[in-house]
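Peer 1: requesting a structural model of the entry that follows:
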Amino acid sequence: MERNARPGVVRRGFSFLWQAIDRLRQASLNVLFIAVVVFVVGGWWAARPAPLPSDAALLVAPVGQLVEQRSARSPMGVLQGVEGIHQVLLRDVVDGIRAAATDSRIKALVIETDGLSGAGLAKLQEIAAAIGEFRQAGKKVYAYGKRFDQGQYHLASRADEVFVNPDGYVLLSGFGRFPTYFKGLFDQVGVKMQVFRVGTYKSFVEPYTRSDMSPEDREATKAYLDAAWQAYQADIAAARPKAGANLAAYVGEAPARLAEAGGDAAKMAHSAGLVDGLKTADQWRDFLKQKVGATDDGKGYRHVDLATYVARVRDEQAHPADKVGVVVAQGAIVDGEQPPGVVGGDTVAGLIRQAREDKAVKAVVLRVDSPGGSATASEVIRRELELTREAGKPVIVSMGSVAASGGYWISMAADEVWASPTTITGSIGIFAMMPDISGPMARLGLAVDGVGTTALAGGLDPRRPLDPQVANLLQQNIEFGYRRFIELVGKNRKMSVEAVDQVAQGRVWMGSQAREKGLVDKLGYFDSALKAAAARAGLKDYDVSYVEKPLSPRDQLLLRLLDSGEEETRGAARSVSVVEQALAKIRSELAGLALWNDPGNVYLHCLCEAP
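Peer 2: Take a look at the predicted model:
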């Protein structure tokens, strides 16, 4: 009887154990489910926007570089700090200031510039226009910096009152372009660069074929830099007349002016009218408490930061069904699919096609901020814009800091081309460049030999000297490409080929100069281009929709990691030594070669920098 009872006891024991395990499993799942619900609800609750304070200031304190589109970052680069530079969207700054101008909750604008590390003059002028609208609404603008470099000061100068730290300075030096020339290095290692180009002023290849700036490049570069410097001085003079009257002497007689101030750079800036006073950080905070009002705890002044404000305003805005679609082309133009920050021919063409096929999008604005690149990719983008026009949708191009060479090529499919007065554009020219590394290979004891079915087989192999027949083919191809370029410009600009050739030859022009020469239609900023697109589409009530490739979960995480340190960076922006800046520039110039992937080795690229 006991033997027969044991199996039953064992079965009941296992059954009880299984039921316990099952209940534990269900309880665990329930706990997990509750935890997920709590996490989601808690995240939603935490993410709910807090009410905006009334009678507050809008704080604009950009950290990093002003850009049209934020670039994708590599995980290793972020971890190593190599790619940890913040990027601030120009449209966020402009949209925030414009919205605040008519927002009763915002009574003043506070600008702090210490974190701004890079911005082209055209971008700064666009912000200045928005600040002008804010001031026209009868609201005050206050600016402060521990010190001001040239770009930072342009931003600060639009304020009603500008202050600098007593230990600070206002450093104005004019504009310059000083490329690194690699020919000497290439000669030492035995690398030869075979160059094929059309355009007297097409200077992109020169850093790899010369040891100095050519007379033609020097002439063209000085012309547009002089124009940019005159525009900069005019901007300062318009914002601060006293400073404008002293600006030429402030820069040209800097040693004597500093000596007059007893070596005190902040006092020198104050005497010249560039700043209204000197304040330490705590004095600046007390000043803002007085002007704007203190927080409830009395520790700070009432304000809302730009990112929070822009997100709130966009959430509050109505979103009409009709849209003006915006596609951004920022960076070098490269063949194929590319991440944000690089103009991938297939990527941008796909976004344009997406906008064309979206029935809600009634017009397209292409925002160009590119020195050009691959000829093949440039034509892929231009053709997609042409198809959009043929489909009956207006196409407007808005040029940012740079829209040159390939950046100009893609602009030729537009109904209207808008440029900033200080946009760098033109550079209508073309080139091909092939490296010959047979020299350094021979020094290493490496040889290349073989056989081909024709004389052209292996003709583009960089391990072998360039075959004369291949060189002849490349030169003919480049000359044909240049003829096509100026014919394309002539057709779209309603100019003769001869007239285009006179302003082409790779010559770079400022936006105001390009307007005079017929290369662009109108001068104006992005907002003007949007209004022009809406007018052509017959829209009065419309939404602005950016057509962009969605960020991957990884890129979203990296973006949050970079953004999470913004508050700390704003308070103590890291200073970069001049040596570090120089090395970074050399790395950037060499890294640019890695983007050369045109299938035919033909490029529409400008060696130009936005002032």
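
Peer 1: in the stretch 501-611 of the chain, which spans are strands?
Peer 2: For the stretch 501-611 of the chain, the strands defined by DSSP state E, counting those that start in this stretch occupy 508-510, 522-523, 543-546, 603-605.

Peer 1: for S370, find the nearest of the ones you listed.
Peer 2: Nearest to S370 among the strands of the stretch 501-611 of the chain is strand 603-605; the distance by CB to CB comes to 9.5 Å. Any C-beta I mention is one placed from the backbone N, CA and C, and that applies to glycine too.

Peer 1: contact partners of the closest one?
Peer 2: With CB atoms under 8 Å, 6 or more residues apart in numbering as the test, strand 603-605 has contacts from 204, 332-333, 371-375, 378, 405-406, 408-409, 429-433, 485, 596.

Peer 1: what lines up beside the one helix or strand V324 maps to in the sheet?
Peer 2: Following DSSP states H and E, one finds V324 within strand 323-330. Sheet partners assigned to strand 323-330 using DSSP bridges are listed as strand 361-370 (parallel), strand 543-546 (parallel).

Peer 1: for V63, find the nearest of those.
Peer 2: Closest approach to V63 among the strands paired with strand 323-330 (CB to CB): strand 361-370, 19.8 Å.

Peer 1: now find how far off-centre that closest one is within its chain.
Peer 2: Strand 361-370 has its C-alpha centroid displaced from the chain centroid by 15 Å (CA atoms, centre = their mean, to the nearest Å).

Peer 1: the helix or strand following that strand - contacts with which helices or strands?
Peer 2: Once strand 361-370 ends, the next helix or strand along the chain (criterion: DSSP H and E) is strand 372-374. Applying 3 or more CB pairs under 8 Å, 6 or more residues apart in numbering; DSSP states H and E, we find strand 372-374 packed against strand 333-334, helix 406-409, strand 603-605.

Peer 1: now do 10 Å
Peer 2: Where contact means 3 or more CB pairs under 10 Å, 6 or more residues apart in numbering; DSSP states H and E, strand 372-374 is packed against strand 333-334, strand 343-344, helix 375-390, strand 395-404, helix 406-409, strand 603-605.

Peer 1: as a markdown table, these with mean neighbour count and distance to Q136 would be great.
Peer 2: Shown next, in a markdown table, are those (neighbours: other CB atoms under 10 Å; distance: least, CB to CB, whole Å):
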| stretch | mean neighbour count | distance to Q136 |
| --- | --- | --- |
| strand 333-334 | 28 | 38 |
| strand 343-344 | 27 | 36 |
| helix 375-390 | 22 | 35 |
| strand 395-404 | 29 | 23 |
| helix 406-409 | 32 | 33 |
| strand 603-605 | 31 | 41 |
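
Peer 1: out of these, which gets nearest to F186?
Peer 2: strand 603-605 (18.4 Å).

Peer 1: OK, contacts around A143?
Peer 2: By CB atoms under 10 Å, 6 or more residues apart in numbering, the contact set of A143 is 60, 109-113, 131, 152-153, 155-164, 275-276.

Peer 1: bridged to it, which residues?
Peer 2: With DSSP bridges as the rule, A143 is bridged to I111, V162.

Peer 1: please apply the same query to Y546.
Peer 2: Counting by DSSP bridges, Y546 is bridged to V326.

Peer 1: returning to that earlier point: so which of the contacts of A143 sit within helices?
Peer 2: Among the contacts of A143, the members found in helices (DSSP state H) are 131, 152-153, 155-156.

Peer 1: ok so, going back, of the contacts of A143, buried ones?
Peer 2: The neighbour-count criterion (16 or more other CB atoms under 10 Å) marks 60, 109-113, 131, 152-153, 155-159, 162-164, 275-276 among those as buried.

Peer 1: show me where pLDDT drops low in the protein?
Peer 2: 1-51, 72-85, 551-585, 587-595 (pLDDT under 70).

Peer 1: the same query, at a cut-off of 80, please.
Peer 2: Residue ranges of the chain with pLDDT under 80: 1-53, 72-85, 550-597, 609.

Peer 1: per-domain residue ranges of it.
Peer 2: Domains of the chain are assigned by automatic domain parsing as 56-175+215-312, 318-555+573-605.
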